[in-house]
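J.: Please find the sequence and the predicted model below.
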Amino acid sequence: MTVNVEWRAHARPPAGLTAYAMKARLDALPEPSPQASLEASKDPDDALFSATWERNDRDWANEARLHYHRHLIAAVCETVVVGSSEIQVRSYEFVRDEDGEGKWDSIENIVADPDLLDAYVREVQRYLNQAGAKMERVRLLLKERKAG
């Protein structure tokens, strides 16, 4: 089995840091957690030192605030009841166009706009493909473990 390590689409890694290098860095930590990664980044020789510590605290605070608001927007859901079935969907989604640019919009606007709906379906398909690839990798790893 061959495994390629790469950044996911739309990731924003620091310049010069390859996905292979990040994976090796994470593998060397006591655990591959955000807390352990942040702690390791305090070492001036760490690959993420500059990217983590050269920005000022105000920039980081604003980034954290944006992240918090993204989380809140994504947490607003609507439950649709059809007969005895219920499905919960986000009220707002971030939709990327073919160029990777994106915007937040309501699910009502997404469904009403054919271009937005196409972009949304592509985004959902991308997530499904990622999930399928993860399941396939787990299946192969389990098969190798059983054989070995």
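T.: Thanks, I have the structure now.

J.: okay but residue 100 is in contact with residue 12, surely?
T.: No - taking contacts as CB atoms under 8 Å, residue 100 lies outside contact range of residue 12: 11.4 Å. Where you see a C-beta, it was placed from the backbone N, CA and C, and this is true even at glycine.

J.: how about the host helix or strand of residue 137: buried residues?
T.: Using DSSP states H and E, residue 137 sits within helix 114-147. Within helix 114-147, the residues scored as buried using 16 or more other CB atoms under 10 Å are 116, 119-120, 123.

J.: can you give me how far it is from the chain middle?
T.: 13 Å (CA atoms, centre = their mean, to the nearest Å).

J.: buried residues in the host helix or strand of residue 108?
T.: When elements are assigned from DSSP H and E, residue 108 belongs to helix 107-112. Neighbour-count burial for helix 107-112, counted by 16+ other CB under 10 Å, picks out 107, 110.

J.: i'd like the first residue to be 23 from this point on
T.: In the new count, where the first residue is 23, that last one comes out as helix 129-134.

J.: Could you list every helix and strand that that helix packs against?
T.: strand 114-118, helix 136-169 (3 or more CB pairs under 8 Å, 6 or more residues apart in numbering; DSSP states H and E).

J.: any weak-confidence spans in this structure?
T.: Counting by pLDDT under 70, the chain shows low-confidence ranges at 23-25.

J.: before we move on, the earlier item: counting contacts, what elements does the helix holding residue 159 pack onto?
T.: Under the contact rule (3+ CB pairs under 8 Å, 6+ apart), helix 136-169 is packed against strand 114-118, helix 129-134.

J.: what comes into contact with the longest one?
T.: Right, helix 129-134. 100, 111-115, 117, 138-139, 142 (CB atoms under 8 Å, 6 or more residues apart in numbering).

J.: quick one, domains of this protein?
T.: What automatic domain parsing lists as the domains of the chain is 23-76, 113-170.

J.: Tabulate the ones you listed in TSV, adding columns for distance to residue 96.
T.: Output for those, formatted as TSV (distance: least, CB to CB, whole Å):
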stretch	distance to residue 96
domain 23-76	15
domain 113-170	7
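
J.: Figure out which of these is closest to residue 91.
T.: Ranking the domains of the chain by proximity to residue 91 (CB to CB) places domain 113-170 first, at 9.9 Å.
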